[in-house]
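> After the sequence you'll find the predicted model.
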Amino acid sequence: MAEDVLDYLVVGAGPAGLQLGQQLDRAGRSYLVLEAGSAPATFFRTFPRHRTLISVNKKHTGWSDPELNLRMDWNSMLAADDPDPLLFTDYSAEMFPSAEVLLRYAADYAAKHEIAIRYDTRVTRISRADGHFVATAGDGSVFTARRLVMATGVTKPYIPDVPGMELIDQYADFDPDPAPFTNQRVLVLGKGNSAFETADSLNAHAAVLHVAGPRPVKLAWRTHFVGHLRAYNAGVLDMYQLKLQHAILDGDVREITKDEDGYRVKFAFFRADEVIKELRYDRVIACTGFRFDSSIFDEDCRPRLTIDDRFPAQTSSWESVNVPGLYFAGTITQVRDFKKATSAFIHGFRYGVRALSKVLDERYHGVEWPHTVLKAGTADLVDAVITRINRTSALYQQFGFLADVLTVERGQARYYEEVPVARFAERAPDVEDAFAITLDYGPDHDKVDPFDFTVKRASQDVANDSGEGHYLHPIVRHYRRGELVATHHVTENLENEWDREVHVDALTAFLAEQLA
């Protein structure tokens, strides 16, 4: 029946689902959030397994501006039309708090905003009928909506196709108590943060720890991708370099067998002379990641997968590429900036969720993307850009992925905030003059060791349009009818403050020349 059809059905009451629910509620949409667990953020009851978050919680910044503070607060959710937002930093002053804190915060966020959530409702099937999405729960309940938003995260453990993988422990369900590992030889498969988190938890107990995988370890402090190995989890790497028994192995596991003496693992090494070598271990733990579970979808509405079938393929508006009306929110949106920006994490996808709500308003409810009308004089435009780049947390966190867009047509200027860069690119040909303002690192920034003092840094006192700066800085790109015609790099600054003469004067000259 039409009266029972919701505007939106959101599956998953994690941080993304909660925030989207709050925004839909404030916009007056009919919606419901379905959650498999008995409380919000069920994922964090189990993960990370060793219970310490690696998302930064920097409470003390020296700033009084709440927008600036969000640059250092990686766990708070955003809330529409809330003059007194609930902040994660009010729950803990620890830089890396326990996951239990996030559970309390999520529960309070849901209660404060009175989000419509139906708990203990695990969706087991998603189908389509009469142009609507139909979600069936394990208890037989049925829910119907015009649009469906999946905010379930990546919940299906990835188990590599290696003989013997069924014999070993899995990160998702092994007992993390380190005591049983005392004085044992332990192999951890995987080279992400979950693998190193697990290895570090066993550091003081295991006799020998090997962390193994086919790819080199990538360090977050070098790549600027926070999903790569964080220094917080790098204790085993440190011990390996200092010859303290533990080691990092580069190679493929070909086979795992088990006998009365433990496990025997055959490796094909990448950086050693051995073609195949067999090593013995007392315990083996697979920390090989997760992926999106599409099995609950009927064939006629199952989203196409991408990146080795790990994530649903999505448009620039986070819509399924093959199922109209099916959208995604949260960590599964990382497919749009895979291993580049921050959509896999709360401090990134919270801005993606906010942008998604604007997409839905524009597409289905006739609400234009929020913007400010400006005078088209160069000084007014420069002031708008300088003001934003010195405050925005969205462009700071979603570097190179979200942009502020300044359009100038027929003497009128409009300033749009936090537009996905890819979505802007699709619409740029319709605009006479458009300037996309992003914060981003310089080209090949991940190839430069930040602690290599022989690498020259761009001067903070000289205007820089050559783009040789490697550190985070504002970039203004001018498009005329969709064609990139000029790029201006606002020179980098140690404190990320771009309001000095060298910044203002160079940007003024650039805009004046482009709009002449």
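Perfect, thanks for sending it. Predicted model, so just to flag it, every value in this text is computed and none were measured. Numbers count the residues shown, from 1 in each chain.
> State the phi and psi torsions of the nearest residue to A207 once chain neighbours are set aside.
Distances taken as CB to CB, 6 or more residues apart in numbering put N183 closest to A207, at 4.8 Å, once the chain neighbours are dropped. Using the backbone N, CA and C atoms, a C-beta is placed for each residue, glycine as well. Note on N183: its backbone torsions stand at phi 60, psi 20 [degrees, to the nearest 10].
> so where does R45 fall, helix or strand?
Assigned by DSSP states H and E, R45 falls within helix 43-46.
> Give me the contact list for that helix.
14, 37, 99, 102-103, 106, 153, 155, 172 (CB atoms under 8 Å, 6 or more residues apart in numbering).
> And for stretch 216-228?
With CB under 8 Å, 6+ apart as the test, stretch 216-228 has contacts from 54-55, 191-193, 229-231, 234, 237, 248, 250, 339-342, 344-345, 399, 441, 445-446, 449-450.
> so of those, which ones are in helices?
193, 237 (DSSP state H).
> Where do the helices of the stretch 101-250 of the chain begin and end?
Ranges of helices in the stretch 101-250 of the chain, per DSSP state H, counting those that start in this stretch, are 193-201, 220-223, 235-241.
> and of the ones you listed, who's closest to R283?
helix 193-201 (10.8 Å; CB to CB).
> buried set for that closest one?
The neighbour-count check on helix 193-201 (16 or more other CB atoms under 10 Å) flags 193-201 as buried.
> could I get those residues as a markdown table with distance to V353 and pLDDT?
Below are the buried residues of helix 193-201 laid out as a markdown table (distance: CB to CB, whole Å; pLDDT from 0 to 100):
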| residue | distance to V353 | pLDDT |
| --- | --- | --- |
| N193 | 23 | 95 |
| S194 | 24 | 96 |
| A195 | 29 | 96 |
| F196 | 29 | 96 |
| E197 | 26 | 95 |
| T198 | 30 | 96 |
| A199 | 33 | 96 |
| D200 | 31 | 95 |
| S201 | 32 | 95 |
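> Which of these sits closest to A212?
For those, the residue nearest A212 by CB to CB is A195; the value is 8.7 Å.
> one step back: rank the contacts of helix 43-46 by pLDDT and give me only the lowest.
Lowest pLDDT among those: T155, with 91.
> who touches it in this structure?
Here T155 is in contact with 43, 290, 292-293 (CB under 8 Å, 6+ apart).
> Any chance of CSV for those, columns distance to D261 and secondary structure?
CSV is the format used below for the contacts of T155 (distance: CB to CB, whole Å; DSSP: H, G, I helix; E, B strand; the rest coil):
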residue, distance to D261, secondary structure
F43, 37, helix
F290, 32, strand
F292, 39, coil
D293, 37, coil
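> so which of those residues would you say is closest to A506?
Nearest to A506, judged by CB to CB, of the contacts of T155 is F292 at 44.2 Å.
> so S55 makes contact with W74?
Yes: applying CB atoms under 8 Å, one finds S55 in contact with W74, separated by 4.0 Å.
> Comparing these two, which shows the higher neighbour count?
A direct count of neighbours by other CB atoms under 10 Å for S55 and W74 places W74 higher, at 22 against 17.
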